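Chemist: Sharing a model that was predicted from the sequence below.
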Amino acid sequence: DAGVIQSPRHEVTEMGQEVTLRCKPISGHNSLFWYRQTMMRGLELLIYFNNNVPIDDSGMPEDRFSAKMPNASFSTLKIQPSEPRDSAVYFCASTDRDLYSGANVLTFGAGSRLTVL
Amino acid sequence: KNQVEQSPQSLIILEGKNCTLQCNYTVSPFSNLRWYKQDTGRGPVSLTIMTFSENTKSNGRYTATLDADTKQSSLHITASQLSDSASYICVVSAPFSGGYNKLIFGAGTRLAVHP
């Protein structure tokens, strides 16, 4: 398996532009997560999907952020409009167990580094 | 206040030496504690996962310990190699009000192994 695949790996955009990050989870994994990592705050959960349904989106910063999972093999994280403070590395992760099982092990993608000028 | 605190923030050691990274947490109750390794420019990779009843778990040259009474964990790296240079992140899985387990991440310890 190719693991969790994220695109783009790097994105540089100007403030106010729309940004779309993409994720393909590992085949057969039914839980998907979007995380944001910054030097100041470390890794923060943005949203958690189970069986394509958003279970916890309490980490989504504000209405400018939205995430979708139209099917089991694809998810997007969209920021519109983007702001400089959104600059971070965004990780997608998946697991074959839902978070009701404490022993799930997340597999992370390589991340998408976003820079908003 | 961060519920998972790691120390030191950064560490430099010479190749071949041992080192120990610390993790203190205040999360209670918790389901399990994990250590992840994150290479520069990559996503975190799981090293170990321990439930509250486990005291120690090894993965090659990595040995994690857990003291659930004092809420402390450590990650010991033996005979360090240049490839051990990375950030090491302590993660606590805790029951959440939504009925599932939430992962709470520490800020990580950045380890640099020099030749």
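Modeler: Yep, it's here.

Chemist: what sits against residue B:90?
Modeler: B:4, B:6, B:21, B:23, B:25, B:33-35, B:73, B:75, B:105-106, B:108 (CB atoms under 8 Å, 6 or more residues apart in numbering or on different chains). (Glycine included, C-beta is placed from N, CA and C.)

Chemist: And for residue B:58?
Modeler: B:48, B:64.

Chemist: got the phi/psi numbers for residue A:80?
Modeler: phi -150, psi 120 (degrees, to the nearest 10).

Chemist: what does chain B have sitting close to chain A?
Modeler: B:31-32, B:34, B:41-46, B:49, B:51, B:89, B:93, B:96, B:98-103, B:105-108 (CB under 8 Å from any CB of the partner chain).

Chemist: mind listing which of these are in strands?
Modeler: Counting by DSSP state E, the members of these that fall within strands are B:32, B:34, B:45, B:46, B:49, B:51, B:89, B:93, B:101, B:102, B:103, B:105.

Chemist: Settle this for me: the second one is touching residue B:94, isn't it.
Modeler: No: under the criterion of CB atoms under 8 Å, residue B:34 is not in contact with residue B:94, lying 11.7 Å apart.

Chemist: what residue ranges in chain B score low on pLDDT?
Modeler: B:1-2, B:97-99 (pLDDT under 70).

Chemist: circling back: buried members of the ones in strands among the residues of chain B next to chain A into ChimeraX, please.
Modeler: Applying 16 or more other CB atoms under 10 Å in any protein chain shown to these, the buried members can be selected in ChimeraX as follows:
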select /B:32,34,49,89,93,101,102,103,105
